[in-house]
Structures are given as C-alpha cells and as structure tokens.
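S.K.: next input, structure requested:
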Amino acid sequence: MNQQSTDLRETVRRRYAAAALQVIEGGTACCGPQAVEVDENFGGALYADDERGGLPAEAVAASLGCGNPTAVAELNEGERVLDLGSGGGIDVLLSARRVGPTGRAYGLDMTDEMLTLALANAAKAGATNVEFLKGTIEAIPLPAATIDVVISNCVINLSTDKQAVFAETFRVLAPGGRLGVSDVVADDALTTEQRAERGDYVSCVAGALTFAEYRHGLEAAGFTDIDITTTHTVADGMHAAIVRAVKPGD
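M.R.: Predicted structure coming up:
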C-alpha cells in the first residue's frame, strides 16, 4: 500500500472512530445516544420503523450508510452472512434476525471504537448468533468458501483497493453465494477529479466507482449476474445504489 492509500485509510479510520465515540459518549448523557449528523441521504432514516424499533438506540445512531442492504440481500434461515465495514452493528443485528438461530452473522471492521460499540449493541440486543472481527475488507480474516451472503453499507467506496475487496469477497463466498451491497456509484461520464469535486473520501463520494468500473471490477473477480440499481441521488451525477452479484456454483 502506498503512502497516499495509507493516509486515506487512516483518515477514514479516524472519522469512524470519532463517530463511534460520539454515540458512546452521547449514551452517557441524560437523553440517550445522539445520532451522528449526516444528510438525509445517509443514516438510520433509511431503515423501516419496525427495523429500527427493535434495535439498541446506539446501533441506529451509529448508522452512516447509504441504504439498507439487509432489505435487498434476501437473507434466508440458516445462512452465513458477512457485513463488510460493520460499524455499530446495525446490519449485523438485522441479518442475525433474518438468518435465525441456525444461521450466523459476522461483522468486519478495522476501527476499535466501532467494534466496542458493536459488541455492546449485540449484548443489548441479546444476539447470540453474531461475531465481530477486526480487520480490513481488503484482507478478510475468514477461510475461503465459508460465507453464503456478503453485504455492505456504503463502505466499499471507502477502500483504496477495491479490486482487492472484490477478490476477497469472491474468495470467502461459497459457490453459489451472493453479494448484496449498498454503495455510492458515479455516472460513467464523471472523471476522478469531478467525483472529488462533489465530496471528499470519507463522505463516501470521492472514492466512488462509476457504473462501468464497478461492473468491470466484479466481473474481473469472477462474479456473474451483476445488477446495479440506483435508489436515490446523493450528489450531482452520484447515486446510492443496490449492487447484486453471484459467485458461480460448482
């Protein structure tokens, strides 16, 4: 990893560490956890009321994503799910509900503060079929072919080596496994410089791939049945999108 990539990763880590501390420290105040301030295109408001209502307030407050990947991943009882960049754990806890006691939901995050918050949220929720791992999404600390579904909520765009993320995702998925993520995607006409003009890296904008780049990256990793569907606009020419793909079966 070059110095620029290292610096960007550290900037992202500091940003999300601060977000976790904001929620943790807010939870010690009189009125409960204070949600991390983001615009209306990101955060806990993108989840249905019945989903938010059954979760610890801290998990909702720490939500910084651009969608609701558990709503599009079509999770089934007994499946093994991995959330890339799990943050405060909202998508892991929702996944754990969907896969039930015979399934398992893993969360992967590189930020100690977010992992501390996620573990506390899992304990408050009484979730016993969850596990949180420390690591990066470019080097997933799980064996090959051990996951049925990989989800992520506006995190892949934060990576400085997205091809490594796609390759690692493909590796840990079992044959026939699937990818179902929310992410920010740019119009194909936008240059890297134009994307940077619309927002910085930690705001999930500057690092976004174009539609063509995203599709090509997934294809290069071996994925098939790729579908990218926009949900709402987050900046001029930049869109929150649902990305689905499949690892071919044996």
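S.K.: what's around T224, how many residues?
M.R.: By other C-beta atoms under 10 Å, the residues close to T224 number 10. In this view, the C-beta of every residue, glycine as well, is placed from N, C-alpha and C.
S.K.: hey, what's it bridged with?
M.R.: V246 (DSSP bridges).
S.K.: low-confidence ranges in the chain?
M.R.: In the predicted model, the chain carries pLDDT under 70 at residues 1-9, 11-72, 200-204.
S.K.: show me where the chain has helices.
M.R.: Assigned helices in the chain, in chain order: 3-26, 49-53, 57-61, 69-72, 90-99, 112-125, 162-172, 192-197, 211-221 (criterion: DSSP state H).
S.K.: may I ask you to name the longest strand in the protein?
M.R.: If you go by DSSP state E, the chain has its longest strand at strand 173-186.
S.K.: now for that one, which elements pack on it?
M.R.: helix 69-72, strand 147-153, strand 209-210, helix 211-221, strand 224-235, strand 238-246 (3 or more C-beta pairs under 8 Å, 6 or more residues apart in numbering; DSSP states H and E).
S.K.: so E79 touches D148, yeah?
M.R.: Yes - here E79 reaches D148: they are 4.2 Å apart, a contact under C-beta atoms under 8 Å.
S.K.: find the residues that touch each one of these two.
M.R.: Counting by C-beta atoms under 8 Å, 6 or more residues apart in numbering, E79 and D148 have no contacts in common.
S.K.: just the buried residues of stretch 175-195, please?
M.R.: Neighbour-count burial for stretch 175-195 flags 177-187, 190, 195 (criterion: 16 or more other C-beta atoms under 10 Å).
S.K.: then that stretch to PDB, C-alphas only?
M.R.: C-alpha atoms of stretch 175-195 as PDB (Å, rounded to 0.1, in the frame of the first residue of the first chain):
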ATOM      1  CA  PRO A 175     -20.000 -21.500  -4.600                       C
ATOM      2  CA  GLY A 176     -23.500 -20.100  -5.500                       C
ATOM      3  CA  GLY A 177     -23.000 -17.400  -2.800                       C
ATOM      4  CA  ARG A 178     -24.100 -13.900  -3.500                       C
ATOM      5  CA  LEU A 179     -23.200 -10.200  -2.900                       C
ATOM      6  CA  GLY A 180     -25.800  -7.700  -2.000                       C
ATOM      7  CA  VAL A 181     -24.500  -4.300  -1.000                       C
ATOM      8  CA  SER A 182     -25.500  -0.600  -0.900                       C
ATOM      9  CA  ASP A 183     -22.900   1.700  -2.200                       C
ATOM     10  CA  VAL A 184     -22.400   5.100  -3.900                       C
ATOM     11  CA  VAL A 185     -21.800   4.800  -7.700                       C
ATOM     12  CA  ALA A 186     -20.900   7.600 -10.200                       C
ATOM     13  CA  ASP A 187     -22.200   8.300 -13.700                       C
ATOM     14  CA  ASP A 188     -19.800   6.900 -16.300                       C
ATOM     15  CA  ALA A 189     -19.100  10.300 -17.600                       C
ATOM     16  CA  LEU A 190     -17.600  11.600 -14.400                       C
ATOM     17  CA  THR A 191     -13.800  11.700 -14.100                       C
ATOM     18  CA  THR A 192     -12.000  11.000 -10.900                       C
ATOM     19  CA  GLU A 193     -11.400  14.700 -10.400                       C
ATOM     20  CA  GLN A 194     -15.100  15.500 -10.900                       C
ATOM     21  CA  ARG A 195     -16.100  13.000  -8.300                       C
END
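S.K.: the longest strand of the chain - which strands sit beside it in the sheet, and in what orientation?
M.R.: Counting by DSSP bridges, strand 173-186 is paired with strand 147-153 (parallel), strand 209-210 (parallel), strand 238-246 (antiparallel).
S.K.: right, so those: which one is the most enclosed?
M.R.: Greatest average neighbour count among the strands paired with strand 173-186 goes to strand 147-153 (a mean of 26), per mean count of other C-beta atoms under 10 Å.
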